[in-house]
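K.L.:
Structure for the following, please:
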Amino acid sequence: WVSDQIDRTKLSSLNTKGNHGVDACLRPMCEAQDPTRWLETDGDEQAIVHVPFKEGVSIRSIGIGSFGEATPRTIKLFANQEVGDFDEVEEMDADEEFEMPVPESAGEIFERELASDVFRQAVRSVTVFVEDNHGADTTKIGWLGFKGERANIKFGIVEGAEYETRPEGAYFEGGMVADKERML
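P.N.:
Predicted coordinates:
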């Protein structure tokens, strides 16, 4: 599981309760069964959760902790796309879409292997759209995790680098370049 690669400073969600937001369900697998922490939607069953990573990750599967009939049913996943609102996400083509089965018991972890190759590359972020649940007024996710590994690609701003707008230095001023021209 790649919970240690999640950039928690950039997590975001839409339509989730403040005290039961995205940070509550994104935790290490060893804490997946904690019944005191969960994500819950605010007002209806839909939610959008944006999970950015510190480095590129290759994701093989997603894990979701069940919560009875409040468990998500239809899930749409988007790789490397941040979604602005519900109208936008409903119009977009998901990179992966699936339905979770009705859980046999609360707290059960549902793991789904991802079929789309886009998740096996260096993924910078995953946006999860919960479209509906199994009949409750609000949706609850007891745990959310991604199984995979680091892709050894870092994202962000390059710092401390110097760039030349035109070649300078001895290499270009009669040095190595001039010697190469003489050899030709």
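K.L.:
mind listing what's buried in the lengthiest strand in the chain?
P.N.:
In the chain, assigned by DSSP state E, the strand with the most residues is strand 47-65. Going by neighbour count (16 or more other CB atoms under 10 Å), the buried part of strand 47-65 is 47-59, 62-65. Every residue, glycine included, has its C-beta placed from N, CA and C.
K.L.:
Give me the most central residue, this protein.
P.N.:
Taking CA atoms, centre = their mean, the centroid of the chain lies closest to residue 126, which sits 2.6 Å from it.
K.L.:
who's in contact with that one?
P.N.:
The contact partners of residue 126, by CB atoms under 8 Å, 6 or more residues apart in numbering, come to 50-51, 59, 62, 77-79, 119, 146.
K.L.:
hmm, try it at 10 Å
P.N.:
6, 49-53, 57, 59, 62, 77-81, 95-96, 114, 119, 144, 146 (CB atoms under 10 Å, 6 or more residues apart in numbering).
K.L.:
Now it: phi and psi?
P.N.:
Here the main-chain torsion angles of residue 126 (degrees, to the nearest 10) amount to phi -130, psi 130.
K.L.:
So what pairs up with it in the strands?
P.N.:
residue 51, residue 79 (DSSP bridges).
K.L.:
quick one: it from residue 78, how far?
P.N.:
Here residue 126 is placed at a distance of 7 Å from residue 78 (CB to CB, to the nearest Å).
K.L.:
what do the two both touch?
P.N.:
Counting by CB under 10 Å, 6+ apart, the common neighbours of residue 126 and residue 78 are 50, 95-96.
K.L.:
Reformat those residues as TSV; add distance to residue 69 and pLDDT.
P.N.:
Formatted as TSV, the shared contacts of residue 126 and residue 78 follow (distance: CB to CB, whole Å; pLDDT from 0 to 100):
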residue	distance to residue 69	pLDDT
50	26	97
95	27	97
96	24	97
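K.L.:
now those residues as TSV including distance to residue 135?
P.N.:
What follows is the shared contacts of residue 126 and residue 78, written out as TSV (distance: CB to CB, whole Å):
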residue	distance to residue 135
50	26
95	27
96	24
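K.L.:
quick check, nearest of those to residue 106?
P.N.:
Proximity of the shared contacts of residue 126 and residue 78 to residue 106, judged by CB to CB, is greatest for residue 96, which lies at 25.0 Å.
K.L.:
Identify the residues contacting the closest residue to that closest one other than its chain neighbours.
P.N.:
Among residues not flanking residue 96 along the chain, residue 77 sits closest, at 4.2 Å (CB to CB, 6 or more residues apart in numbering). Contact analysis of residue 77 by CB under 10 Å, 6+ apart lists 59, 62, 94-98, 112, 114, 116, 118-119, 126-129, 146.
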